[in-house]
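J.: let me see the structure of the following:
(one chain, ligands or ions: 1)
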Amino acid sequence: MSQKPLLEVENLRIDLSIGDTKFPAVQDVSFTIGRGETLGLVGESGCGKSITALALIGLLRHPLSIGGGIIRFDGREIQSLSPAQMRQLRGDRISMIFQEPMTALNPLSPVGRQIAEMFVLHKGASWRDAERQAVEALASVRVPAPERRVKDYPHQLSGGMRQRVMIAIALACSPDLLLADEPTTALDVTVQAEILDLIRDLCAERGTAVLMISHDLGLIANMCRRVGVMYAGRIVEERAAEDVFRAPSHPYTSGLVASLPLLGARARQGRHRLMEIAGVVPPVAAFPAGCRFHPRCRASTEICVAADPEVTLLPNGGSVRCHHHE
Ligand SMILES: Nc1ncnc2c1ncn2[C@@H]1O[C@H](COP(=O)(O)OP(=O)(O)OP(=O)(O)O)[C@@H](O)[C@H]1O
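T.: Model prediction:
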């Protein structure tokens, strides 16, 4: 087995075209994911998490495009693949699940048929075999009575069941990498936990690496070994999940950690206060000069307004992009 990481992203830039001008919606984003590893991308809405994932799987569409950098999957640059090669990779070796399965499922086709299609398209199975495997795939995502459910259309299923179908489709071909973009945000809290357990268990069993995207740092820390914190199109901190909580380095990460509801002793003693980061992520065309976080940062000084911070490597692994990091 190759020692190289499964996925290497180097200085990725994603441009947003507005008229004749291109604005960098994502810039200088670098990270790697090893085989079977879990990386979380966390940050508020509009930070660039979803478009980063779409770039990895070749699904960016106008007005967005890759403006620079390298994405290497299993040693091959994905930008050099033809559309046909990319289609073959998608679903077979890299899969994606989205927040709202209804947008990804075909409303006019029974769910069993949509799962079976994966075996036919990517594994050369006959429809008869593929439909048998679809029942097994539905059983593996813990759908009760899978032999009956395969005949259902998406609208006949609950949101949680639809997300299970999406997971069955995404994992049908045992991909090397699963991209999960807010996979539980649209679901009830109790269903959320079941779906997250399912993703964690199935990916661990199959050795599938996961890039999990969420605005919820608690969820990311539970699911992932490493965390990349995104702000305004950049990864501002990248660390082991436990370090992010124990000793956040970037003021934005500190704000995210502080805004998590606390359970247990401190909360009961009434010392817990829900902190929030004042302000919102600026739109892509209005990213400020200097450090993009400086207008919202309590630690901001002159240098933050004047100069874009470089990446600093942290002593215990990980990196941060801040002039005043902890
Ligand atoms: N099709 C598009 N047209 C114009 N702007 C877009 C498009 N898609 C994304 N953007 C912009 O790119 C930026 C990054 O969007 P992205 O969806 O990646 O953010 P995100 O961090 O995933 O947030 P969310 O959770 O809300 O999706 C945002 O400012 C968004 O408005």
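
J.: same for whichever strand or helix holds residue 230, what does it pack against?
T.: Here residue 230 sits within strand 226-231, counting by DSSP states H and E. Taking 3 or more C-beta pairs under 8 Å, 6 or more residues apart in numbering; DSSP states H and E as the contact definition, the neighbouring helices and strands of strand 226-231 are strand 38-42, helix 217-223, strand 234-240, helix 241-246, helix 251-258. For the C-beta atoms, the positions are set from N, CA and C on the backbone; glycine is no exception.

J.: quick one: strands adjacent to that strand?
T.: strand 38-42 (parallel), strand 234-240 (antiparallel) (DSSP bridges).

J.: among the ones you listed, which is nearest residue 201?
T.: Each of the strands paired with strand 226-231 has some distance to residue 201 by C-beta to C-beta; the shortest is strand 38-42, at 12.5 Å.

J.: what's the following helix or strand past the closest one packed up against?
T.: Following strand 38-42 in sequence order, the next helix or strand is helix 49-56 (DSSP H and E). With contacts taken as 3+ C-beta pairs under 8 Å, 6+ apart, helix 49-56 sits against strand 7-18, strand 21-33, strand 38-42, strand 64-73, strand 177-181, strand 209-214.

J.: right, and those - which one's nearest the ligand?
T.: Minimum separation from the ligand across the helices and strands packed on helix 49-56 (C-beta to the nearest ligand atom) falls at strand 21-33, 4.4 Å.

J.: parallel or antiparallel, list what pairs with that closest one.
T.: With DSSP bridges as the criterion, the sheet partners recorded for strand 21-33 are strand 7-18 (antiparallel).

J.: for whichever residue of the stretch 201-326 of the chain sits closest to the ligand, what are its contacts?
T.: Nearest to the ligand in the stretch 201-326 of the chain, going by C-beta to the nearest ligand atom, is residue 284, at a distance of 4.6 Å. By C-beta atoms under 8 Å, 6 or more residues apart in numbering, the contact list for residue 284 reads 16, 23-25, 233.

J.: most neighbours, which of those residues?
T.: Within the contacts of residue 284, residue 233 tops the neighbour count with 28 neighbours, counted by other C-beta atoms under 10 Å.

J.: output the below-cut-off pLDDT ranges for the stretch 51-200 of the chain.
T.: Judged against pLDDT under 70, the stretch 51-200 of the chain has no low-scoring part.

J.: returning to what we had before: also near the ligand: which of the contacts of residue 284, exactly?
T.: Contacts with the ligand within the contacts of residue 284, counted by C-beta under 6 Å from any ligand atom: 16, 25.

J.: biggest helix in the chain, by residue count?
T.: As far as residue count goes, and with DSSP state H defining each element, the longest helix of the chain is helix 189-206.

J.: packing partners for that helix?
T.: Contact analysis of helix 189-206 by 3+ C-beta pairs under 8 Å, 6+ apart lists helix 159-171, strand 177-181, strand 209-214, helix 217-223 as its packing neighbours.

J.: with mean neighbour count added, can I get the ones you listed in a markdown table?
T.: Formatted as a markdown table, the entries for these read as follows, by neighbours: other C-beta atoms under 10 Å:
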| stretch | mean neighbour count |
| --- | --- |
| helix 159-171 | 24 |
| strand 177-181 | 24 |
| strand 209-214 | 24 |
| helix 217-223 | 20 |
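
J.: save these as JSON lines, and put in distance to residue 104 too.
T.: As requested, the helices and strands packed on helix 189-206 are exported to JSON lines (distance: least, C-beta to C-beta, whole Å):
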{"stretch": "helix 159-171", "distance to residue 104": "6"}
{"stretch": "strand 177-181", "distance to residue 104": "10"}
{"stretch": "strand 209-214", "distance to residue 104": "15"}
{"stretch": "helix 217-223", "distance to residue 104": "20"}
